[in-house]
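K.L.:
Sequence first, predicted coordinates after that:
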Amino acid sequence: MSDGMTKHNRTTSTRALTGRKLAGVGLAVTALMAPAVALAPPAAAQPAVANCGTSTGDTGTSAWTSHAELGKELQRLESQRSGVLDVTRIGTSNRGRDIWAARTGTGPKVVLVTSEIHGNEKTGTEAVLSLLRTATADTPAARRLRSQVTLVAVPKMNPDAAELDRRGNDRTWAEVVADFPQLAGARPSWNYYTRPQQGDDYSTRPGFDVNRDYHPDLNYVPRAADFPGSSAGPGWYINPESQAVRDLYKSLKAEFGAVDSYIDLHHQAPCYLDENGDALVTMSLSGKFVDVDKHQQYNRGYRLDYSKQLTLAAYDTLSGYGQSPFGSLTLYPQDIDLPGTGLGAFALNGSGTVLFEVRGQTQTWGARQRGQLVKTVEHGLTGIIEAVGSGAAHQIDPDRYDDIPETAR
Ligand SMILES: [Zn+2]
């Protein structure tokens, strides 16, 4: 989510990088990921250089999968895994780019994953592609998983922002009013960017933070009286990208009765330290996004404990790798109340929900670091999906959630 992130972050000392510690003792590594363990690089593989700045990073986006490349890869995978992977277009971005959902598995529990709602937060898309390759493979572990869950992934759900390598989409308020004439005369929503932000110039190309455009009432229709709104209130589904994911969520809910789990993949600032102040945070996790007491009129089976169990499934899986590049893990701040996020809105609809916040932004990492962060996301996702599939998630003590180290802020 990371509102306060900038493209140019200060450098940090190498001392903090060498003070990394075990993130905790977790569950044994699961079967699906076992081959990757053998290939996992040794401890301290993370380059101890000034990765909090831009000096060693890759300043381009060419190393990441572009929208066109994503389309080709999904098409290739679908034809290669015929009958196992189904790719459909679930919508079109404001600038006319396809938004795809990739679906595999026939299990009764649905796990929905989205990436790149913020277009400069790209590890999630790479992790999803890797996960789809593994989950659609003709292996006993993958076949078992597919019998237990139905995995639906929307990689790069905000393709206009992704192509611009920025947080907001590419849409003007005038275009919103053209779609919703009842909003003529209303003030633009509070999450409409028209000024420079995070190094991007929205003054010539305005856009919205799509991750504040969700509403827990999935049938909500925008009303002028609800604008400009605020961070503490719901969004409006005034953007085609959030509409596409909302429509997918509704169709899955109709088909399966419930969307068991929803995971949204993000990045945060690169150099947070853990609560002891001696280790850089690799990734922060969270299962809590709203203050449910303030939104009881939208509560359709909110399950905070289940979200905590799913968060712990990711945490335990990554901790199970021991002293590896995947620590250190922390909790994302718990005092947030964001019913306009996808996570907040879907949590109020009864889904177990988990946020991943990988350190750093697309501009700051070289290839090796990037690969490790992508693997961190992929392993965490796999931990959740397997725990959902086997039912093991329900055996996890949700109170252990409070033992996950906090982030020093
Ligand atoms: Zn984000």
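P.N.:
Received it, and whenever you're ready, just let me know what you need.
K.L.:
Residue ranges in the stretch 51-200 of the chain under the pLDDT threshold?
P.N.:
51-61 (pLDDT under 70).
K.L.:
Could you double-check that residue 103 lies in contact with residue 150?
P.N.:
Yes - using Cβ atoms under 8 Å, residue 103 makes contact with residue 150 at a distance of 6.7 Å. (Glycine included, C-beta is placed from N, CA and C.)
K.L.:
can the helix or strand encompassing residue 371 be found next to the ion?
P.N.:
Assessed by DSSP states H and E, residue 371 sits inside helix 367-390. No - Helix 367-390 is not in contact with the ion by Cβ under 5 Å from the ion; minimum separation 12.9 Å.
K.L.:
mind listing what the spatially most central residue of the chain touches?
P.N.:
Residue closest to the average C-alpha location in the chain (Cα atoms, centre = their mean): residue 265, at 1.2 Å. If you count contacts by Cβ atoms under 8 Å, 6 or more residues apart in numbering, residue 265 has them with 113-116, 121, 123-125, 127-128, 356, 358, 377.
K.L.:
Which ones among those lie within strands?
P.N.:
The strands, defined by DSSP state E, take in 113, 114, 115, 356, 358 from those.
K.L.:
All the strands of the stretch 101-250 of the chain, in order from the start?
P.N.:
Here the stretch 101-250 of the chain has its strands, by DSSP state E, counting those that start in this stretch, at 109-115, 149-154, 192-193, 207-208.
K.L.:
Kindly present the ones you listed as a markdown table, with separate columns for mean neighbour count and distance to residue 83.
P.N.:
Listed next are the strands of the stretch 101-250 of the chain as a markdown table, based on neighbours: other Cβ atoms under 10 Å; distance: least, Cβ to Cβ, whole Å:
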| stretch | mean neighbour count | distance to residue 83 |
| --- | --- | --- |
| strand 109-115 | 26 | 19 |
| strand 149-154 | 26 | 14 |
| strand 192-193 | 21 | 43 |
| strand 207-208 | 28 | 38 |
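K.L.:
what's the closest of the ones you listed to the ion?
P.N.:
strand 109-115 (10.0 Å; Cβ to the ion).
K.L.:
my guess is residue 146 meets residue 103, correct?
P.N.:
No - under the criterion of Cβ under 8 Å, residue 146 makes no contact with residue 103, lying 10.5 Å away.
K.L.:
Tell me how far residue 246 lies from residue 102.
P.N.:
18 Å (Cβ to Cβ, to the nearest Å).
K.L.:
More neighbours: the two, which one.
P.N.:
The neighbour comparison of residue 246 against residue 102 (other Cβ atoms under 10 Å) goes to residue 102, with 26 against 22.
K.L.:
For residue 118, see how far away the more buried one is.
P.N.:
Taken as Cβ to Cβ, the span from residue 102 to residue 118 is 20 Å.
K.L.:
Leaving out chain neighbours, which residue sits closest to the residue in the stretch 51-200 of the chain positioned nearest to the ion?
P.N.:
Residue nearest to the ion within the stretch 51-200 of the chain (Cβ to the ion): residue 118, separated by 3.6 Å. Nearest residue to residue 118, sequence neighbours excluded (Cβ to Cβ, 6 or more residues apart in numbering): residue 167, at 4.7 Å.
K.L.:
Tell me which residue in the stretch 201-350 of the chain sits closest to the ion.
P.N.:
residue 266 (3.4 Å).
K.L.:
got a list of what that residue touches?
P.N.:
Residue 266 sits in contact with 1, 2, 117, 118, 121, 124, 355, 356, 357, 358, where contact means Cβ under 8 Å, 6+ apart.
K.L.:
confidence score at residue 275?
P.N.:
On pLDDT, residue 275 comes in at 80.
K.L.:
doesn't residue 234 make contact with residue 215?
P.N.:
Yes - judged on Cβ under 8 Å, residue 215 makes contact with residue 234 at a distance of 4.1 Å.
K.L.:
so what sits against both of the two?
P.N.:
With Cβ under 8 Å, 6+ apart, residue 215 and residue 234 have common neighbours 339, 340, 345.
K.L.:
Inside strands: which ones of those residues?
P.N.:
Using DSSP E, none of the shared contacts of residue 215 and residue 234 sit in strands.
K.L.:
Go through the residues you listed and name the one nearest residue 177.
P.N.:
Proximity of those to residue 177 (Cβ to Cβ) peaks at residue 340, which lies at 19.4 Å.
K.L.:
Any idea how many residues pack against that closest one?
P.N.:
Neighbours around residue 340, by other Cβ under 10 Å: 29.
K.L.:
Check residue 136 too.
P.N.:
Using other Cβ under 10 Å: residue 136 sits among 23 other residues.
K.L.:
now it: how far from residue 102?
P.N.:
9 Å.
K.L.:
and residue 22, what pLDDT?
P.N.:
31.
K.L.:
Kindly apply the preceding question to residue 40 instead.
P.N.:
So residue 40 comes in at 32 (pLDDT).
K.L.:
what's the answer for the one 10 residues further on, then?
P.N.:
You'll see residue 50 listed with a pLDDT of 36.
K.L.:
same thing with residue 358?
P.N.:
Looking at residue 358, the pLDDT reads 90.
K.L.:
Please apply the same query to residue 382.
P.N.:
98.
K.L.:
repeat for the one 10 residues further on
P.N.:
Looking at residue 392, its pLDDT reads 98.
K.L.:
And the one 3 residues further on, by the same measure?
P.N.:
Per-residue confidence at residue 395 stands at 98 (pLDDT).
K.L.:
Within its local environment, how many residues does it see?
P.N.:
9.
K.L.:
about what we covered before: for residue 407, see how far away the residue nearest to residue 118 is.
P.N.:
20 Å.
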